[in-house]
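> Let me see the structure of the following:
(2 chains)
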Amino acid sequence: MHFAFSDDQRAFRDAVRDFLERECPPSVVRAAWNGQLSNLWPQLAEMGVVGLTVPEAMGGLGMDDLDLVLIMEETGRAGLAEPLVETTAVVAPLLAAIGGTVAAEHLPGIADGSTIAVMTFDAEYAPWADRAGLVVRAAADTVELVSSEASRLRPQANVDRARPLFDIAPRVLDGGPVLASGPAATALARAAADRGALAVSAQLCGLAARMLDITVEYVKERRQFGVPIGSYQAVKHHLANVELELAYARPVVYRAAWSLHVGDPLAPVHCSMAKVYAAKAASTAVKACLQCHGAIAYTLEHDLHLFMKRVWALLPAYGDPRWHRARVATHVLG
Amino acid sequence: MMDLRWSPAEDQFRAEARAWLEANAPKDPLPHGDTFAGFPVNRAWERRLFEGGWAVVSWPREYGGRDASLWEWLIFEEEYYRIGLPQRVAQNGIFLLAPSIFDFGTQDQRDEILPRMAGVDDIWCQGWSEPNAGSDLAGIRSTGVRDDAAGGWRLHGQKTWTTRGAFATKLFGLFRTDPSAERHRGLSYLLVDLDQEGVDVRPVDKLDGDAGFAEVFFDGAFVPDSAVLGGVDKGWEVAMATTGSERGLTLRSPGRFMAAAARLIDLYHRIGAPTHDEQGARDAVVEAWMDAEAYQLNTLQTVTRLAEGATMGPESSVNKVFWSEMDIRLNEAALRLLGPRAPLVEGAPDAVDQGTWMSAFMFALAGPIYAGTNEIQRNVIAERVLGLPRK
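As a prediction, the model looks like this:
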């Protein structure tokens, strides 16, 4: 039993954190709100982050879910507005699992940053589909490609303008190449959605940690009644609650990564728990951090809302927390 | 590299523990240990545990342990609670005082105290709180007055909220030995024999009906110099180490809550949820089960750090808030399932599980109060984990 990341995993995480602190400050997230495309994607591809899950033979780093979960947490912390969950956590492992010519055709382009990929599931909107060169669709009992030319994107303006949402209506529903069908397709789609839920859970932890950091700094500086407001118990207890929830969400998220990595049959249940706990921690963080700032963080000028709104956008992504709780309940209670 | 599987050696340890417990544990559920009738029965069982070498698995063999790793201790705890055994009447000794004896005790103190503690020859209780020193522990007024002729200290004052005080033979506590010093200075950590003149133990009835809770009055009771732990006037540091153990890993191991969650699920399967509350009660049950899992996972991370040589810092306060509040939610979920039967107690014809869920709920409500209130713990988290200013 050893529940910690390796030195290599932590070193790569630190390198990505340093990069994002330098290259993805809140001003970059804010620019994405205004539709301004950053140059982060090619740089992340250059670092190997985009191709993290792509096999080495196809130009990627060939890393596993444990590496992935730490990097996803960092992208959450930075508020990164790039389709990394979709491309790197969801579609690339799916294509690698299918293998063959499909993998050989698309994975090198994903790894080198030239192909952005998204996957659409029934009843969920696809983020960043406008930038996707590759759209994979999970249908009733198939997993199929939908060429972006053949699809009609309908933008769905949403609370997080840095993460545009679309629904995708393929003109010809059965027109795309079928990658898998029958039980194999169901299993592939399920695994892809679970990995999406895991990646989003890690991002929610990162977002909660970032909002907590911002707020801790603020309440140490901000003075009222002659003292820092962070010296008041009411403020302390709000922020202690965020720390508390994060302390229990993180190991649940990391365990889900381990279970996916080793192919534990309970991995879906563990991914669901990850989403439940990460969503709870992030929701607590949003409310506590806004409250501890007071009106200043209710302004668009303040950065906190960039992270708050990302949380709200991610809560329903890849299964909302109630759907996941129900899945755990089915496992535990029948 | 991360590896969340138990090793073959750890699996072997689990199998050995399980086999011994299944062969030796009482067939009928033990009565509650904090009752006058139940205490001696539990003490006899814990003596059996000691004779089998399972009382204090993580201690060195010379004191009655089996040199088990922290991992093996966690496994033992899982197995202990899994078969339905209750919390230990020896707990305040073996889980709270013992770590401080190992860290601060002299060789003589270890040799004399630890085997008798493990073998339940001595039952230890804690003497921290006083009528005017609760959360503000440094406000302690009980004194130890120097008695040079006798070579020790004479105690005066009052301790209170002493769990199992009515059954205990020994008390560990803080006393002011330097009357000129203030607050956390001038306190000594004394190991007191309760069976002597000048000690008066008065039981206090508590919310959940259990006995054993007590006030302890001192009027000239004697503590020899050999029973000062960690040096005269240096008691605060030792006491903080003890409270770290109390809030941290050892007092409430994950196995206890995993077993409680399993019993809750069993209850759900036996009686279902009230028709007016099916979804809500079901959600509460699954959330309690998930909390027990989360607590175990957090503990596995902590033990990994400890096994690599780290020490438990202020994150023990994070731990304490979580387990105490989880315990309440878990028992509330059971009461939700019970619906109109929730308030029924032992003896009522319709009582489920002899009304133990209601008493467990009441016991759980003490969790955010004892071992340092959760308000104090949240202050500790804010100040020492997050770095917020004290003033």
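
> contacts, neighbours, all on C-alpha from now
Fine.

> ok, so what distance separates the closest residue to residue B:68 other than its chain neighbours from residue A:245?
Closest residue to residue B:68 apart from its sequence neighbours, by Cα to Cα, 6 or more residues apart in numbering or on different chains: residue B:58 at 4.4 Å. Distance of residue B:58 to residue A:245, given as Cα to Cα, to the nearest Å: 30 Å.

> swap in residue A:272?
For residue A:272, the distance to residue A:245 equals 16 Å [Cα to Cα].

> If you count surrounding residues, which of the two has more?
More neighbours surround residue A:272 than the other of residue A:272 and residue A:245, with 29 against 22 (other Cα atoms under 10 Å in any protein chain shown).

> Does that one touch residue A:199 like I think?
No: if you go by Cα atoms under 8 Å, residue A:272 and residue A:199 don't touch, sitting 11.6 Å apart.

> Could you list every helix and strand that the helix or strand bottoming out on mean pLDDT in chain A packs against?
Taking mean pLDDT, DSSP states H and E as the measure, chain A has strand A:165-170 as its least confident helix or strand, at a mean of 81. Secondary-structure packing of strand A:165-170 (3 or more Cα pairs under 8 Å, 6 or more residues apart in numbering or on different chains; DSSP states H and E): strand A:126-127, strand A:151-156.

> Which among the ones you listed is found nearest to chain B?
Closest approach to chain B among the helices and strands packed on strand A:165-170 is made by strand A:126-127 (29.2 Å; Cα to the nearest Cα).

> average pLDDT across stretch B:82-94?
Average pLDDT, stretch B:82-94: 94.

> Could you do stretch B:126-145 as well?
Stretch B:126-145 comes out with an average pLDDT of 93.

> Please write out the alpha-carbon positions of that stretch in CSV.
Provided in CSV are the C-alpha atoms of stretch B:126-145 (Å, rounded to 0.1, in the frame of the first residue of the first chain):
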residue,chain,number,x,y,z
GLN,B,126,-7.9,11.8,30.9
GLY,B,127,-7.8,14.8,33.2
TRP,B,128,-7.7,17.9,31.0
SER,B,129,-10.9,19.9,31.3
GLU,B,130,-11.8,21.8,34.4
PRO,B,131,-15.0,23.8,35.2
ASN,B,132,-13.2,27.0,34.0
ALA,B,133,-10.8,25.5,31.5
GLY,B,134,-12.6,23.8,28.6
SER,B,135,-11.7,25.0,25.1
ASP,B,136,-9.3,27.4,26.8
LEU,B,137,-7.2,24.5,28.3
ALA,B,138,-4.3,26.8,29.3
GLY,B,139,-6.7,28.2,32.0
ILE,B,140,-6.1,25.2,34.2
ARG,B,141,-6.2,26.0,37.9
SER,B,142,-5.7,22.5,39.5
THR,B,143,-2.4,22.6,41.2
GLY,B,144,0.5,20.3,42.1
VAL,B,145,2.1,21.6,45.2
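
> Could you double-check that residue A:160 lies in contact with residue A:310?
Yes: counting by Cα under 8 Å, residue A:160 touches residue A:310, with 5.7 Å between them.

> and stretch B:235-247, which residues are buried?
Going by neighbour count (16 or more other Cα atoms under 10 Å in any protein chain shown), the buried part of stretch B:235-247 is B:235, B:236, B:237, B:238, B:239, B:241, B:242, B:243, B:244, B:245, B:246, B:247.
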